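Participant: Could you look at this predicted model? Sequence included:
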2 protein chains.
Amino acid sequence: MIDVPLSEKKLIQRIRRSARGDRDRDKDKSVVTGIGDDCAVLRVPPGHELLVTTDFTIENVHFRRDWHRPELVGRRCLTRGLSDIAAMGGEPLAAFLSLAVSSDVPQKWVDRFLKGVLDLAAEFKVPLAGGDTAQSRAGIQADIVVVGSVPKGKAVLRSGANAGEQIYVTGELGGSAAALARLMELKPGGPEYFQHFSRHSHPFARVAVGRWLRQRGVASAMIDLSDGLSTDLDHICQESHVGAEIEAEAIPRAQVGKKPVALELALHGGDDYELLFTSAATVPSKIAGVPVTRIGRTTQSAEMRLIGVDGKVRLLKAGGWEHFQGNQKS
Amino acid sequence: MIDVPLSEKKLIQRIRRSARGDRDRDKDKSVVTGIGDDCAVLRVPPGHELLVTTDFTIENVHFRRDWHRPELVGRRCLTRGLSDIAAMGGEPLAAFLSLAVSSDVPQKWVDRFLKGVLDLAAEFKVPLAGGDTAQSRAGIQADIVVVGSVPKGKAVLRSGANAGEQIYVTGELGGSAAALARLMELKPGGPEYFQHFSRHSHPFARVAVGRWLRQRGVASAMIDLSDGLSTDLDHICQESHVGAEIEAEAIPRAQVGKKPVALELALHGGDDYELLFTSAATVPSKIAGVPVTRIGRTTQSAEMRLIGVDGKVRLLKAGGWEHFQGNQKS
């Protein structure tokens, strides 16, 4: 019903050509047959279970074309999937990209978006093994699927936490939300807006940390921080039937210039793609080169509590941003 | 940025609740952990390889809300994935649905769409093991992922055809395109428009036929007919480096009332979800209850040729519809 400058066929050829390079670089041959058949054929290592995650990336919901470079949109698109694999302690095997674009999207934008996806795929040695392309009636919709594997029975679930364990996060929190808050304040502009916001402008999935924790059986429960600490911690509490007590002062906040981001952003801001996990074991302060910080403990109560910098205890509610649709509190 | 009557959270709960029923019915326990963690955890049978396929279903590209019942849209959405698994000779293990809906889509529509997906999932005993939900800025976008398995090295590829083999199709062709042509001619109306068009109104993936052919090693190459006979045959020819000679008279055309559909529709019409395969072996006229018809043979030439009812030989070009966007010839 509509004409697009970039036909479906061309888009498939482009992805196929780009992905083929990746495939040649792929050492472990997890992809037996990639793009170009009805299905991709993958090999799952013996004794392993399969992990599957899917994540939508939608224009004006997850990104804005006037705010975000196409390479960043592509990079974040794949990061979301890789981060889910990391949160299970798994190894990514292959990625699949379904992409719908409307006629007003320049081919150059699509090329740069694909470059963002494929560069990150190469960093993680994850071949792009398939997907789908379609014409969209409005804007850009991408759905990323990442398939991974984990030794049988060893996936780190959200449901494994016990009361009386310690709660940890990797890296620093709130940096991505701070970048977004800045963008919403200021008129959209050049890349200088992002210079202090590396988690927003260069998201990175903590696959190596997840692997380390799974290999040593250190994490009892784990999730990645995509919706924000308070929301994702709530998921662990709900699935594990525990409560939590978080120390505000302990939360590692991202720095903007020389100032830490507001506590609110570190508590509720999304898109950091750090890992949140619980453990009864001794946890080092650095894993796979990434700082790890204890921020509280699990409790028998069903509630989440926040011990403020002032020592006062408040009820903590899941309030992570659902991206930037304005629902600050759910 | 927008408010939707059906929140993401509610949609996930709804899918989770519906899917849980399926999971309980699931006998072989391929899904270890379904909806509710960062990834689904699946078990792949020992000695099997993994199949993965993803398919977009987009409003006003693949369906129209004023033409297609929501249950049919859901049913076709999953059929597209199951049909790809069938075309490899595989067994579907689990499905994943990513669904983005805009604020103008009534909750009732989404419920009926999900019913279409889940009823078909139950027919094929394929649990819905995960997915993603998001708000869309315009209309409905669904991406279905189906994961399946096939004994190692036994997937039936598009690339396995040899010159001098026979070419077969299952069922009847052109029925879905005829229904669509009728809809485009007439003002959209009630379900009576579909009464003669069962392949359009009740699409069904040929998983049992694909399995039969794979188990007996009968098919050298196979594809499902989603884009139309001429386009999908061209895919086999390209990937297998063979040509093809099709006998117009032999093509099993769908009946509309008491008349067969136009040859053009049987040759180029999409969305029939029948199987097209090549074989050097003896092929029965019925497999798993489905009629199988020989329609031609593979050749050493790189061309596709059509032997007309008049005996004249014409060049056949890939001209399957890319859905109903008007690109009749590619």
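Facilitator: Sure, I can see it. Numbers count the residues shown, from 1 in each chain, chains lettered A, B, ... in the order given.

Participant: What are the buried residues along stretch A:66-85?
Facilitator: A:67-85 (16 or more other CB atoms under 10 Å in any protein chain shown). Quick note: C-beta positions are derived from backbone N, CA and C, even for glycine.

Participant: and the stretch 151-300 of chain A, which of its residues are near chain B?
Facilitator: A:K152, A:A155, A:L157, A:R158, A:S159, A:M222, A:I223, A:D224, A:E239 (CB under 8 Å from any CB of the partner chain).

Participant: Let's see which of the residues you listed end up in helices.
Facilitator: Applying DSSP state H to these, the entries found in helices are A:E239.

Participant: Give me the buried subset of the residues of the stretch 151-300 of chain A next to chain B.
Facilitator: Among these, those scoring as buried are A:A155, A:L157, A:R158, A:S159, A:M222, A:I223, A:D224, A:E239 (criterion: 16+ other CB under 10 Å).

Participant: count of neighbours near A:G89?
Facilitator: 29 (other CB atoms under 10 Å in any protein chain shown).

Participant: which residues does it contact?
Facilitator: A:V150, A:K154, A:A155, A:V156, A:G210, A:R211, A:L213, A:R214, A:Q215, A:A219, A:M222 (CB atoms under 8 Å, 6 or more residues apart in numbering or on different chains).

Participant: can you check A:A254 too?
Facilitator: By CB under 8 Å, 6+ apart, the residues touching A:A254 are A:E172, A:L173, A:G174, A:G175, A:A178, A:F197, A:R199, A:P260, A:V261, A:A266, A:D272.

Participant: Show the contacting residues for the third one.
Facilitator: The one in question is A:G174. A:R253, A:A254, A:V261, A:A262, A:L265, A:A266, A:L267, A:G269, A:D272.

Participant: could you measure it against chain B, distance?
Facilitator: 21 Å (CB to the nearest CB, to the nearest Å).

Participant: Got phi/psi on that residue?
Facilitator: phi 90, psi -10 (degrees, to the nearest 10).

Participant: so where's chain A shaky on pLDDT?
Facilitator: A:1-28, A:186-198, A:320-330 (pLDDT under 70).

Participant: could you pull out the helices for it?
Facilitator: A:8-25, A:70-87, A:107-123, A:175-185, A:198-201, A:207-215, A:229-240, A:263-268.

Participant: looking at those helices, which is buried most?
Facilitator: helix A:70-87 (a mean of 27; mean count of other CB atoms under 10 Å in any protein chain shown).

Participant: Can you check what angle separates that helix from helix A:107-123?
Facilitator: Relative orientation of helix A:70-87 versus helix A:107-123 (axes from the mean of the first three to the mean of the last three CA atoms, to 10 degrees): 30 degrees.

Participant: Helix A:70-87 and chain B in contact?
Facilitator: Yes: using CB under 8 Å from any CB, helix A:70-87 reaches chain B at A:S83, A:D84, A:I85, A:A87.

Participant: what about dumping the CA coordinates of that helix to PDB?
Facilitator: C-alpha atoms of helix A:70-87 as PDB (Å, rounded to 0.1, in the frame of the first residue of the first chain):
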ATOM      1  CA  PRO A  70      20.900   5.600  14.800                       C
ATOM      2  CA  GLU A  71      24.000   3.700  15.800                       C
ATOM      3  CA  LEU A  72      23.000   4.100  19.500                       C
ATOM      4  CA  VAL A  73      19.400   3.000  18.800                       C
ATOM      5  CA  GLY A  74      20.800  -0.100  17.100                       C
ATOM      6  CA  ARG A  75      23.300  -0.700  19.900                       C
ATOM      7  CA  ARG A  76      20.700  -0.300  22.600                       C
ATOM      8  CA  CYS A  77      18.300  -2.600  20.700                       C
ATOM      9  CA  LEU A  78      20.700  -5.500  20.900                       C
ATOM     10  CA  THR A  79      22.000  -4.600  24.400                       C
ATOM     11  CA  ARG A  80      18.500  -5.100  25.700                       C
ATOM     12  CA  GLY A  81      18.600  -8.700  24.600                       C
ATOM     13  CA  LEU A  82      22.200  -9.500  25.500                       C
ATOM     14  CA  SER A  83      21.500  -8.000  29.000                       C
ATOM     15  CA  ASP A  84      18.600 -10.400  29.500                       C
ATOM     16  CA  ILE A  85      21.000 -13.300  28.600                       C
ATOM     17  CA  ALA A  86      23.500 -11.900  31.100                       C
ATOM     18  CA  ALA A  87      20.900 -11.800  33.800                       C
END
